[in-house]
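Visitor: Just a sequence and a predicted model for now, questions to come.
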Amino acid sequence: MSPNATDSSTILREERKMPNGCAKGWSSMSDSAEKQQCWKNQAFLKVNEIVGLVKYYCLRAYIVFWHELSMNPRVRSSPFSPPPADELILSADDIFSTRRRRLFFTSIHLLALGGLYFCVTGQVKLYTVLFALAVGTMSSIGVTAGSHRLWSHHAYKAKLPLRIILALFQTVGVQYSIYNWVRDHRLHHKYTDTDADPHNSNRGFFYSHVGWALMMPHPAFESKVSTVDMSDMESDWVVMWQYKLYAPLAAILSYVLPTVVPWWLWGEDLLVAHLVAAQLRQVLTLHSTFLINSAAHMWGVKPYDKNINPTENMFVSVATCGDGWHNYHHTFPWDYKNAELLDYKLNLSTLFIDAFSLIGWAYDLKTVPTELVNKRALRTGDGTRKPLPTAADEARTAADAAAAAACTNVYGWTDNDLPDEDRQMAQIYKKSD
Ligand SMILES: [Zn+2]
Ligand SMILES: [Zn+2]
């Protein structure tokens, strides 16, 4: 993979020949010229490694584009040029062809296996693992709080800086551009578990999990895809900007930066950093999102609507930062919490939105009153959820508690401390007047 093996090895040989080379240790060098030379050598080697990485990505991009151009005659524009208007409503297969997706999925899984090998054999630094977890969480939040709750469902509104942050986070996940994600997700809600649903769970676990991304879309999906109203997305310049720059942005944010940061900041091996923090991390977050379409449409209770496939799945919710409460979500897709009565441990995306609402960047947070949830659960739920106290019930209970606290000992009917309620509700037989 080294781009310039001769230059690198020459430098290494030169370095070894130096009586006071870098290997001696920085603190033991007394001469500033010596330190300068050492720094130059180190920088040169690092630059050479970066050039090698760039060459690797150029080669990879070349293979993908060659494959695309030679096998998919429908490709019409590069990701760098503005998309023609009609391309915006083409099916997923046209925008990101089936063959290219198969090639992409195969390559990322093979590379992720390499990352898993380094993790299992303990060859990865702890900082790199923590960094990969942080980047994975970031990308999950970009999908759940961004392309899902904000853009697909308008469950809340976000000011420009937050929309930009969410768009960048969403790009790290490499799960299609926001535009494509929203279009497919709206179809998923509109035609849940039918042929027009891009990941129809009635076709089995594998299809709804990943098979849909590797196969030609169903004709029913093709016929419905252009009916989705995407005018709101087309008027949001953050969404369209991310659409146009998606390929280079995803390459930089999801692959190049997560590779370079661990290597540069704490000296992780470049290959280990790439395979663990970029490839393995991306594959794991991709599958955690896919679990919403598969596991959370199959296994779990249905407290809100027993007539649909989506379920409440705690495991999926933890894996996706809060999007596994799927029976609730399909029943009330406009709730910004995406769930009912759960703490932030199981719904990190809600914590993220609440935190940004404190500074006003997230606003108009919509949620469902308990009374409405009670009614719906009683009407269509599977009985696993008992009706919960509503706001009115809680107010009444609070008033009762206040009255109870105000009660003092009384000596009899003529005591002025006798509560009015007792006086009014007392039954008096054979009243004299
Ligand atoms: Zn669903
Ligand atoms: Zn949804």
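Guide: Happy to help now that I have it. Because the structure is a prediction, the values reported are computed rather than measured. Ligands and ions are numbered 1, 2, ... in the order given.
Visitor: just the strands in this protein please.
Guide: For the chain, the strands defined by DSSP state E occupy 157-158, 362-363.
Visitor: Kindly reformat these as JSON lines and extend each row with mean neighbour count, distance to T311 and mean pLDDT.
Guide: For every residue, glycine as well, the C-beta is placed using N, CA and C. Converted to JSON lines, those look like this (neighbours: other C-beta atoms under 10 Å; distance: least, C-beta to C-beta, whole Å; pLDDT from 0 to 100):
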{"stretch": "strand 157-158", "mean neighbour count": "19", "distance to T311": "29", "mean pLDDT": "94"}
{"stretch": "strand 362-363", "mean neighbour count": "18", "distance to T311": "28", "mean pLDDT": "94"}
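Visitor: how about those strands in CSV, adding distance to A403?
Guide: CSV is the format used below for the strands of the chain (distance: least, C-beta to C-beta, whole Å):
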stretch, distance to A403
strand 157-158, 41
strand 362-363, 38
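Visitor: Can you report phi and psi for the residue nearest to R385 when sequence neighbours are not counted?
Guide: Nearest residue to R385 in three dimensions, chain neighbours excluded: P303, at 3.5 Å (C-beta to C-beta, 6 or more residues apart in numbering). When read as degrees, to the nearest 10, the backbone of P303 gives phi -70, psi -20.
Visitor: follow-up on the earlier one: for S317, which of the strands of the chain is the nearest?
Guide: Nearest to S317, of all the strands of the chain, is strand 362-363, at 20.3 Å by C-beta to C-beta.
Visitor: That closest one: partners in the sheet, and parallel or antiparallel?
Guide: Here strand 362-363 has these sheet partners by DSSP bridges: strand 157-158 (antiparallel).
Visitor: Could you report the distance from P419 to N409?
Guide: Applying C-beta to C-beta, to the nearest Å, the value for P419 to N409 is 12 Å.
Visitor: Please identify which of those two sits among more neighbours.
Guide: Set side by side, P419 and N409 show more neighbours around P419, with 14 against 6, by other C-beta atoms under 10 Å.
Visitor: Ignoring the adjacent residues along the chain, who's closest to the most centrally placed residue in the chain?
Guide: Nearest to the geometric centre of the chain sits S140, at 2.1 Å (C-alpha atoms, centre = their mean). Spatial nearest neighbour of S140, chain neighbours left out: C321 (4.4 Å); criterion: C-beta to C-beta, 6+ apart.
Visitor: Torsion angles phi and psi at the one you found?
Guide: Torsion angles at C321 (phi, psi; degrees, to the nearest 10) stand at phi 60, psi 30.
Visitor: so who does S147 touch?
Guide: Counting by C-beta atoms under 8 Å, 6 or more residues apart in numbering, S147 touches L166, Q170, Q175, I178, W181, V182, H185.
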